[in-house]
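# predicted model and sequence follow; I will ask about them next.
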Amino acid sequence: MAKERIYLFDTTLRDGQQTPGVDFSVEDKIAIANMLDAFGMDYVEGGYPGANPTDTAFFSKKRTGRAGFVAFGMTKRAGVSVSNDPGLNELLRAKSDHICFVAKSWDYHVKVALGCTNEENLESIDLSVKAAIEAGKGAMIDCEHFFDGYKTNPAYALACAKTAFDAGARWIVLCDTNGGTQPSEIREIVAAVIASGVPGDRLGIHAHNDTGQAVANSLAAVEAGVRQIQGTLNGIGERCGNANLVTIIPTLVLKPAYNERFETGIDREALQGLTKLSHDFDELLNRSPETQAPYVGSSAFATKAGIHASALLKDPRTYEHVEPETVGNLRKVMVSDQGGKSNFINALKRRGIEVGKDDPRLDTLITIVKEREATGYAYEGADASFELLARRTLGSVPDFFQVDSFRVMVERRFDANGNLKTVSEAVVKTVIDGETVMSVAEGHGPVNALDIAIRKDLGRYQPEIADLELVDYKVRILNGGTEAITRVLIESADGTGARWWTVGVSDNIIDASFQALMDSIVYKLMKNRELAGKVAAE
């Protein structure tokens, strides 16, 4: 039996841009559109031409190769002809393959937001779809607030969908705009739409995540008959976000409940690029990837507990619902004070470190890890620091350089203009190849100053750390009072796209930061020489 096709519609560049703190430039939009196109999305919705200069410029030319390029905008205004509606004409002029019109389908909104009659709204839907088709574009209708509208006036919500279908719209998308509809309601209402005469292969679903069920609602709609899913990368979007395509896609491709009935434009080979796509997008947003994100998070296939790790080593299927490689991720058996000896042996083996079960150095390493974790270190969250500790204990780490001393000063003073300012300065004395180098730097705070000073002059190693970047810095106070023990976690990245975490613990926040900074630099130098395993650098 031939499989039915599910079409994937990405609205990261339009609905995703409603996320607080997200504001794409034209260059950002071009880069993201290329990422989505290359990955295999069927449709890429780019924004709202005419609404702002960025979107207007973005639609000055077609931005996708394989994917359908979609412009978004409102249906014709009531009381105005198609030719006299400037917004509609902007959509018709955009260099897009398709237009996705947003239409009110809740009679309450027609009255309050549009201020027109129900019949005028239906006419706007009809004429807008026909205008797009006449202009040679594919027409889609987003039935805004469809599910809430259906609950209060099912006849009118259905009339909106039916009008779009009769006018020739390729897709009629049912929107759970407020994100409050439950999966059981989605199934029931989608079935009613299909029963009214709009076939499922012309229906889409657009779910929001306000009850944490956008993915579940999207899949429920598919089960009920819709064949297009709208969503965003990493689930970004206004309020609680949109349906997360990074979760939906591998579920459709890998889970028998769906892959035995359906196919998408993304095959298993392309799916192996999913983790990279997700992380590259986060990098573009300048934010750290969510560690516990399904499928693609760094903890998605991580096991910490000893009994789980032991079972996982015997057969990964005991604690993995799919193989991590299928989505381009990695299995991690994490090192912590809960881990047994076999856990440690496997963790080391995966880093290319062979050690016998009876090797006394292994017992030494386990003792050190457990003692350090008791004082506040967290190696399950700092894989690079663990690898360096293991190599120092079991083997050797090259003596690249030594920091003889460092001094950090914070001065609060009035400048020449009488403005109060705080200045941080760090002085670091480093020994490289027997030669002492002193570096001084100012920074935005003492840790930043220390970081700049350490990396200012590492002699012959300087070119090697040019692409090293600190992308996240986390401080955790482990007990109370001003004398508290502090744990610092630093996430680093380099030009290869690899990321790794290092840790430092001290009753002095600068000293804890220094430990983590040093581990990050040494790990980078080890990685450059292929002396460090790939596990930490994800």
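Looks like it arrived, so ask away.
# so Thr177 sits right up against Ala207, yeah?
No - distance between Thr177 and Ala207: 9.4 Å, which falls outside the contact criterion (C-beta atoms under 8 Å). (C-beta placed from N, C-alpha, C; glycine too.)
# please say which of these two ends up with more neighbours.
Taking neighbours as other C-beta atoms under 10 Å, Thr177 and Ala207 compare with Ala207 leading, 31 against 23.
# secondary structure element for that one?
Using DSSP states H and E, the element containing Ala207 is strand 203-207.
# and the pLDDT at the residue most central in space within the chain?
Most central in the chain under C-alpha atoms, centre = their mean is Asn234, positioned 3.9 Å from the mean C-alpha point. According to the prediction, Asn234 has pLDDT 98.
# hmm, Val246 and it touching each other?
Yes - with contacts defined as C-beta under 8 Å, Asn234 counts as touching Val246 at a distance of 5.6 Å.
# need the overlap of contacts for these two.
Here Asn234 and Val246 share the contacting residues 278, 293, scored by C-beta atoms under 8 Å, 6 or more residues apart in numbering.
# hey, where'd the strands end up in the stretch 51-200 of the chain?
Under the criterion DSSP state E, counting those that start in this stretch, strands of the stretch 51-200 of the chain are mapped to 68-74, 98-104, 138-144, 171-176.
# deepest in the core, which of these is it.
Sort the strands of the stretch 51-200 of the chain by mean neighbour count, taking mean count of other C-beta atoms under 10 Å, and strand 171-176 sits at the top with a mean of 28.
# can you list contacts of that strand?
7, 9, 100, 105, 140-148, 161, 164-165, 186, 189-190, 193, 198, 202-208, 214, 217, 221, 226, 228, 230.
# whichever of those end up buried, select them in ChimeraX.
Applying 16 or more other C-beta atoms under 10 Å to these, the buried members can be selected in ChimeraX as follows:
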select :7,9,100,105,140,141,142,143,144,145,146,147,148,161,164,165,186,189,190,193,198,202,203,204,205,206,207,208,214,217,221,226,228,230
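# run the chain-centre distance for the strand holding Ala207.
21 Å (C-alpha atoms, centre = their mean, to the nearest Å).
# where in this protein is pLDDT low?
Regions of the chain meeting the criterion pLDDT under 70 cover residues 304-319, 332-340, 480-483, 533-538.
# the helix or strand following the strand holding Ala207 - contacts with which helices or strands?
Remark: after strand 203-207, the chain's next helix or strand is helix 214-224, criterion DSSP H and E. Helices and strands touching helix 214-224, by 3 or more C-beta pairs under 8 Å, 6 or more residues apart in numbering; DSSP states H and E, are strand 171-176, helix 183-195, strand 203-207, strand 228-231, helix 245-254.
# so what strands line up beside the third one?
For strand 203-207, the paired strands and their directions (DSSP bridges) read strand 171-176 (parallel), strand 228-231 (parallel).
# what's in contact with the shortest one?
Which is strand 228-231. With C-beta under 8 Å, 6+ apart as the criterion, strand 228-231 contacts 6-11, 15, 42-43, 45, 171, 173, 203-207, 214, 218, 221-222, 242-245, 248.
# what strand or helix carries the closest residue to Trp500 other than its chain neighbours?
Nearest residue to Trp500 in three dimensions, chain neighbours excluded: Ala384, at 3.9 Å (C-beta to C-beta, 6 or more residues apart in numbering). In this assignment (DSSP H and E), Ala384 forms part of helix 383-394.
# which strands and helices sit next to that helix?
So helix 383-394, by 3+ C-beta pairs under 8 Å, 6+ apart, packs with helix 341-349, helix 360-375, strand 499-506, helix 509-528.
# the same query, at a cut-off of 6 Å, please.
In terms of contacts (3 or more C-beta pairs under 6 Å, 6 or more residues apart in numbering; DSSP states H and E), helix 383-394 is packed against helix 360-375, strand 499-506, helix 509-528.
# those: which one's closest to Gly65?
strand 499-506 (29.4 Å; C-beta to C-beta).
# and stretch 148-161, what's buried?
Using 16+ other C-beta under 10 Å as the burial criterion, the residues of stretch 148-161 that qualify are 148-150, 153, 156-161.
# do the same with stretch 464-480
Going by neighbour count (16+ other C-beta under 10 Å), the buried part of stretch 464-480 is 464-465, 468, 470, 473.
# show me those that map onto strands.
Among the buried residues of stretch 464-480, the members falling in strands (DSSP state E) are 470, 473.
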